[in-house]
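Undergrad: Have a look at this fold, sequence not included:
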């Protein structure tokens, strides 16, 4: 982010939608996500004056903390954010409470109901509650049941449940979990979170497509020849080995984040800007998506795993050498695949999706490559004209760019590509909210637009079922290709595109 | 959302019996009586224009006190027929004052307080108390009570009920009835007072109703401009939470002007503003002054002098001079402009022009225009050499009840700091 002076006229104007009085209950309050993401996001909302005065945060976990201990642990974990704004924190922390709760013990959840009533009286939170399940996925079903059994989800207008990813491990488990949570409350009470949808730039894909008349007419198979969706990380598995060993890149990134980007990029125009209309279109496009070769998935999917790399001065260990990782692990840290969407808009257009850890650069982007001009009238500087590309930069350097050919200055008529750019930095000059700020606010506003619906989740799992089955039953057919840390992944992934005469974009 | 009626026929009770009746209604001993633990809203609901339009036979009753098209149209018609200036707001004091001189004695049912707008009922207020003054100032006090259960639109959910209390009568009788009110506003629930009438019409009553810690909602577009701004500034200076619907309606102007300066390369122009002009509808400058004061406060300007021109000379504009932090003086002019189809809210902003002249670089002229009118007046004169940024500010077509719901939904127990900073400055501009 470029350092710029704040727009003085913007200060204090960002509270577009006001959250109704309520109590946010976080289960797993002693966990990492609570102090790293959730409480900072809530404090940010408080500082933006987007939380009502009648707001309370109730942390719940098994540890026997007191309200005061919870407040001080959060303050300690948030460090400078609290030290820089002591008065604001004091006011915010006055609405923070803690209740020891074991979600597996019904008596604890009943007791929680009593504490919530007490908080309603103390903070006038109007029996309006958002329950955030920041717990191990194995407790999602039990947690929902416990809340429902205690009568805490009875009012669909005044209670909602936020569930973190991963929502299931495969199509079958996602279906089972959906059945359980839908038995506990109505679908509009369930908020399945995917923090990628909280990113301004992901939401901007919809605005670019549907608020501009110029894009939608060419956003189809007649004008677009291929689409690439990339989410690359430079970091390795870090402290998440325990979780990552059981999930891998396919479950950790592709099934949720990348698939959501794909859905938003490829969905039909919703009839109105309405949560159900948008989610229906996303579900429909995912239901029409398939692996390029479902019968022989190894032809359209590459799995990789990072090996050692770096330099002599700063060596990087390979995945199998990371603490907590099985030295013979076959968990993929990289996936590249080719998909098709069988509908009128996208028939025959390949969608290439890739994600990986320890790649050369940290970035997320969607690249739409347009068909070439049917006749080449001019010589091109690069031999042949470069195809037009629209690049939607999700992170970092958020923005968009459009590549097109112009006349190269001089007496001849040679063309060369140039870029037209939009940058969030240059246009707005201020950082956008962290994804959790937006998503927590939306959940508390009961706005499910940016949360995934049951049919979307199931469609996303079903899309990758042939791969998951293959990995389970015949892993040798989908071998792990090693790649050096801080490179762009295995050569096999390049070959996947080379077969179609294409290259991955090297940003 | 259409207004909803109470489900129970209102029961007329002597004022002294109301608190006991309601206590029994929500007694914890009574089975199935769940009172919503939300908030109480006390509304001063004179609906003078509506009452006068009914009395003079210009509309049929019943009198409901909620904003509706039929009343607005009849108000506009009255403006034409009674030779009021075209810029007169159709629901303003000028219309009720002139209608008061017209003969008529039609009567109708008075359902004020019994019609609850959907936007408000979805918030499940625990108690709505309406003070409904009648045109006949000698009318004795009547007290009506009804239980009220908003039904969830899509079914399901627990029904948390509330109640409505209506105090109806002449202003004096209402004043006497205030003793009934205190026990009706429980200490454990936030209470809001919405003064839905001119701020200067019953100052003592307003004072008595809006004691702290009750939260006050008013509309600074209603009443004498100086009075409105002074009251706003005084209340904001106290620790009371004050919300102004007129300020809320400025939202799209704030957003649009801020948007112009979002690109970092334009921000330097904010330090070099040399002129500010604001046009407002009719002769109520409060909204224009609040906008100017917000800009001045955000940009660190100090007020040097102010002058209100004499309306008799056909120029009732307000001129002022601000000083930038670097000492440069900035003239401000807030000018009334006539409108053929004025808003129902007096003094809505029509346009804004802000000229900046950076020391190095091109001068910049920002013109914002309301969707409802053109900007020709502000576009005139000497901008050919400047970078021109022109934006149209969208009109927000919301009913006042929807604006109210937006405020109540948030439940803020403090005043908006931007308003708290702008209102005292706006009051000084009129002093």
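TA: Great, that's in hand. Values in this document were obtained by computation on a predicted structure and should not be read as measured data. Residues are numbered from 1 along each chain as shown, chains lettered A, B, ... in the order given.
Undergrad: Residue B:220 looks like it's in a helix, true?
TA: No: counting by DSSP: H, G, I helix; E, B strand; the rest coil, residue B:220 is not part of a helix but coil.
Undergrad: what residues are up against it?
TA: B:199, B:228-229, B:231-232, B:244-247, B:286-287, B:290 (CB atoms under 8 Å, 6 or more residues apart in numbering or on different chains). C-beta: built from backbone N, CA, C; applies to glycine.
Undergrad: so, if you compare the residues you listed, which one comes nearest to residue A:446?
TA: Nearest to residue A:446 among those, counting by CB to CB, is residue B:245 at 24.9 Å.
Undergrad: Contacts only, for residue A:475.
TA: Counting by CB under 8 Å, 6+ apart, residue A:475 makes contact with residue A:330.
Undergrad: In stretch B:78-87, which of the residues would be classed as buried?
TA: B:78-79, B:84, B:87 (16 or more other CB atoms under 10 Å in any protein chain shown).
Undergrad: where does the residue lying closest to residue B:401 once chain neighbours are set aside fall, phi/psi-wise?
TA: In this structure, residue B:401 finds its nearest non-sequential neighbour in residue B:117, 3.7 Å apart by CB to CB, 6 or more residues apart in numbering or on different chains. Per-residue torsions, residue B:117: phi -60, psi 140 (degrees, to the nearest 10).
Undergrad: just checking, residue B:117 touches residue B:398?
TA: No: at 11.3 Å, residue B:117 does not count as touching residue B:398 under the criterion of CB atoms under 8 Å.
Undergrad: Look at those two and report which has more neighbours.
TA: When neighbours are counted by other CB atoms under 10 Å in any protein chain shown, residue B:117 and residue B:398 differ, and residue B:117 comes out ahead with 21 against 15.
Undergrad: thinking again about what came up before, going by distance to residue A:197, which of the contacts of residue B:220 wins?
TA: Nearest to residue A:197 among the contacts of residue B:220: residue B:247, at 33.3 Å, using CB to CB.
Undergrad: What are the neighbouring residues in contact with that closest one?
TA: B:220, B:290, B:416, B:419, B:422.
Undergrad: Using pLDDT, spot the least trustworthy of those residues.
TA: Lowest pLDDT among those: residue B:416, with 83.
Undergrad: how about it, what does it touch?
TA: By CB under 8 Å, 6+ apart, the contact list for residue B:416 reads A:12, A:49, B:243, B:247.
Undergrad: try residue A:264
TA: By CB under 8 Å, 6+ apart, residue A:264 lies in contact with A:202, A:205-206, A:282.
Undergrad: And the contacts of residue B:247, which is closest to chain A?
TA: The closest of those to chain A turns out to be residue B:416 (CB to the nearest CB; 7.6 Å).
Undergrad: SS state for the spatially most distant residue from the centre of chain B?
TA: Using CA atoms, centre = their mean, the residue of chain B lying farthest from its centre is residue B:360. It sits 42.7 Å away. Recorded secondary structure, residue B:360: coil (three-state DSSP).
Undergrad: likewise residue B:334?
TA: Classification of residue B:334 using three-state DSSP returns strand.
Undergrad: For beta bridges, what are the partners of it?
TA: Per DSSP bridges, the residues bridged to residue B:334 are residue B:278, residue B:318.
Undergrad: Next up, the contacts around it.
TA: B:277-280, B:285, B:288-289, B:292, B:317-318, B:429.
Undergrad: and what of residue B:318?
TA: Counted by CB under 8 Å, 6+ apart, residue B:318 has contacts B:285, B:289, B:306-309, B:332-334, B:429-430.
Undergrad: any idea how far chain A is from it?
TA: For residue B:318, the distance to chain A equals 22 Å [CB to the nearest CB, to the nearest Å].
Undergrad: Looking at residue 182 now. What's its pLDDT?
TA: Since no chain was named, I'll use chain A. 93.
Undergrad: Please refer instead to chain B.
TA: At residue B:182, pLDDT is 79.
Undergrad: and it, which of the three is it?
TA: Judged by three-state DSSP, the three-state class of residue B:182 is helix.
Undergrad: Name the nearest residue to the residue nearest to the spatial centre of chain A, sequence neighbours excluded.
TA: Residue closest to the average C-alpha location in chain A (CA atoms, centre = their mean): residue A:196, at 2.2 Å. Excluding the flanking residues, the one nearest residue A:196 by CB to CB, 6+ apart is residue A:257, at 4.1 Å.
Undergrad: Can you name the residues that contact that neighbour?
TA: Contacts for residue A:257 (CB under 8 Å, 6+ apart) come out as A:194, A:196, A:231, A:355.
Undergrad: quick one: the residue lying closest to residue A:505 once chain neighbours are set aside and chain B, what's the gap?
TA: Leaving aside its chain neighbours, residue A:505 sits nearest to residue A:367 (5.2 Å; criterion: CB to CB, 6+ apart). Distance, residue A:367 to chain B, using CB to the nearest CB: 26 Å.
Undergrad: which residues in the stretch 151-300 of chain B form strands?
TA: Assigned by DSSP state E, counting those that start in this stretch, the strands in the stretch 151-300 of chain B fall at B:162-169, B:191-195, B:215-218, B:242-244, B:273-281.
Undergrad: any idea of the mean pLDDT for stretch B:191-204?
TA: Stretch B:191-204 shows a mean pLDDT of 92 in the predicted model.
Undergrad: In the stretch 401-507 of chain A, what residue spans correspond to strands?
TA: Per DSSP E, counting those that start in this stretch, the stretch 401-507 of chain A carries strands over the ranges A:414-423, A:480-485.
Undergrad: Out of those, flag the one nearest chain B.
TA: Of all these, strand A:414-423 comes closest under CB to the nearest CB, at 10.1 Å.
Undergrad: Mean confidence (pLDDT) on that closest one, please.
TA: 89.
Undergrad: and if you look at stretch B:230-240?
TA: Stretch B:230-240 comes out with an average pLDDT of 90.
Undergrad: Also stretch A:310-329?
TA: pLDDT averaged over stretch A:310-329 gives 91.
Undergrad: For that stretch, buried residues please.
TA: Buried positions in stretch A:310-329, judged by neighbour count with 16+ other CB under 10 Å: A:316-320, A:322, A:325, A:329.
Undergrad: Can you tell me how far the residue nearest to residue A:196 is from residue A:394?
TA: Note on residue A:257: its distance to residue A:394, by CB to CB, to the nearest Å, is 10 Å.
Undergrad: What of residue A:458?
TA: According to CB to CB, residue A:458 and residue A:394 sit 25 Å apart.
Undergrad: now swap in residue B:290 and tell me
TA: Computed with CB to CB, the distance linking residue B:290 and residue A:394 is 40 Å.
Undergrad: Who has more neighbours out of those two?
TA: Shown here are residue B:290 and residue A:394; by other CB under 10 Å, residue B:290 has more neighbours (30 against 24).
Undergrad: Name all residues that make contact with the residue nearest to that one when sequence neighbours are not counted.
TA: Spatial nearest neighbour of residue B:290, chain neighbours left out: residue B:426 (5.0 Å); criterion: CB to CB, 6+ apart. Neighbour list for residue B:426: B:229, B:232-233, B:286, B:289-290, B:292-293 [criterion: CB under 8 Å, 6+ apart].
Undergrad: go again using 7 Å as the cut-off
TA: Going by CB atoms under 7 Å, 6 or more residues apart in numbering or on different chains, residue B:426 touches B:229, B:286, B:289-290, B:293.
Undergrad: Can you name the helix or strand that residue B:136 falls in?
TA: In this structure, residue B:136 sits in neither a helix nor a strand according to DSSP states H and E.
Undergrad: isn't it right up against residue B:170?
TA: Yes: between residue B:136 and residue B:170 there is a contact under CB atoms under 7 Å: 6.0 Å.
Undergrad: the more surrounded of the two?
TA: For residue B:136 versus residue B:170, neighbours defined as other CB under 10 Å are more numerous around residue B:170 (17 against 12).
Undergrad: Okay then, goodbye and thanks.
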